[in-house]
Each structure stands twice: as C-alpha cells, then as structure tokens.
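>>> Just the structure for this:
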Amino acid sequence: MAPAGPAFNLVALDNIVGSKGEALGSVYKFTLGRDDLNLKEHGAAINARMGLNSWAAFAGNEDDAQVAGDIAMRASEVNPVLKALRSHGLNVVAIHHHMLDTQPNVIFLHYWGRGPAAKLATGFRAALDQLGGSKPQSK
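Numbers count the residues shown, from 1 in each chain. So this is what the prediction gives:
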C-alpha cells in the first residue's frame, strides 16, 4: 500500500501562497528563494539551494493542520514579518543568523502554528508579503 499524500486542498494552498508546493509523503512544503538578495560568502553565491529561502511545511489535514517554517529576512524586515505572523496566530520560535560577514545581513525566523490549513497558509503569505524586492520566487 502506497503512503498517503498530503490531506489538504493543494490547489487552494498554492493559490494562497502564490507558488506551487511539493508533496513529501504526507507533508506539503513550500520553499521560496530570496533572489532579490545578491549574497556571496568567500566568493561563492549564496542562493535558495544553500538556505537563502523561506519555507513552510504543512502536516495534518485541512481543518487541523500544523505548519513549521523559516523566513529569511533583512534586518529592516524583521518587525513587519513578526507582526504579520503573530496577527495570523503563528508563533515565533527563534530568530538568528548564520552568515556573519554577508551584506546585507540575513536574519532567519523560525515559526510554528496550528489551525485550519488555509489560515496558516495566509499567515505564511502575509510574512512573505513583508519581504523586499520582487515577489519571492520558487526554488
């Protein structure tokens, strides 16, 4: 028997987030790069595949879902992203950074929430809307 796929309306989640997610077993995950930031570390480009991205992983079902994720932000985006997440019932778990010498400095925010999948996806989209540059691109 094949494992069950995500128990969500995937088209609805894709429409809310504005990107197509990826089914990983029963989890549905969005990964969106920060192509508006041109970062290099020791001469190597830092891109979405190397962790310069925002993501959301959904588990559970349409009515009782959990989401965990990470938002990659510039310092000026931290407070607007915090407000966007909290106003949609998503909890901030950690704020930190990895790349000490890159400019602009990139700060990562981990979050978690539980509730209806569409509400959680709307909170993730609200946080993405606070990020500068053009609309975040899929990896």
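>>> from here on, contacts and neighbour counts on C-alpha atoms
Will do.
>>> For the chain, give me the ranges with low pLDDT.
Filtered on pLDDT under 70, the chain yields the residue ranges 1-3, 39-42, 44-51, 99-103, 133-139.
>>> And the helices in it?
Shown for the chain, the helices assigned by DSSP state H span residues 10-17, 78-87, 117-128.
>>> Show me what the first one packs onto, helices and strands only.
With contacts taken as 3 or more CA pairs under 8 Å, 6 or more residues apart in numbering; DSSP states H and E, helix 10-17 sits against helix 117-128.
>>> Please tell me how far the helix it packs on is from the chain's geometric centre.
9 Å (CA atoms, centre = their mean, to the nearest Å).
>>> what's it packed up against?
So helix 117-128, by 3+ CA pairs under 8 Å, 6+ apart, packs with helix 10-17, strand 53-60, strand 65-74, helix 78-87.
>>> Need the contact partners of it.
For helix 117-128, the surrounding residues in contact (CA atoms under 8 Å, 6 or more residues apart in numbering) are 8, 12-13, 16-18, 54, 56, 58, 61-67, 71, 80-82, 84-85, 87-90, 113-114, 136.
>>> Kindly provide the distance from residue 36 to residue 129.
Relative to residue 129, residue 36 is positioned 13 Å away (CA to CA, to the nearest Å).
>>> Name all residues that sit in contact with the two at the same time.
Between them, residue 36 and residue 129 share no contacting residue, judged by CA under 8 Å, 6+ apart.
>>> Nearest to residue 28, out of the helices and strands packed on helix 117-128?
strand 53-60 (5.1 Å; CA to CA).
>>> In CSV, list the C-alpha atoms belonging to that closest one.
Presented in CSV, the C-alpha positions along strand 53-60 are these (Å, rounded to 0.1, in the frame of the first residue of the first chain):
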residue,chain,number,x,y,z
ASN,A,53,15.0,30.9,1.4
SER,A,54,11.7,31.0,3.3
TRP,A,55,9.7,27.8,3.7
ALA,A,56,6.6,26.4,5.2
ALA,A,57,5.9,22.7,5.8
PHE,A,58,2.3,21.7,6.4
ALA,A,59,1.2,18.4,8.1
GLY,A,60,-2.2,17.2,9.4
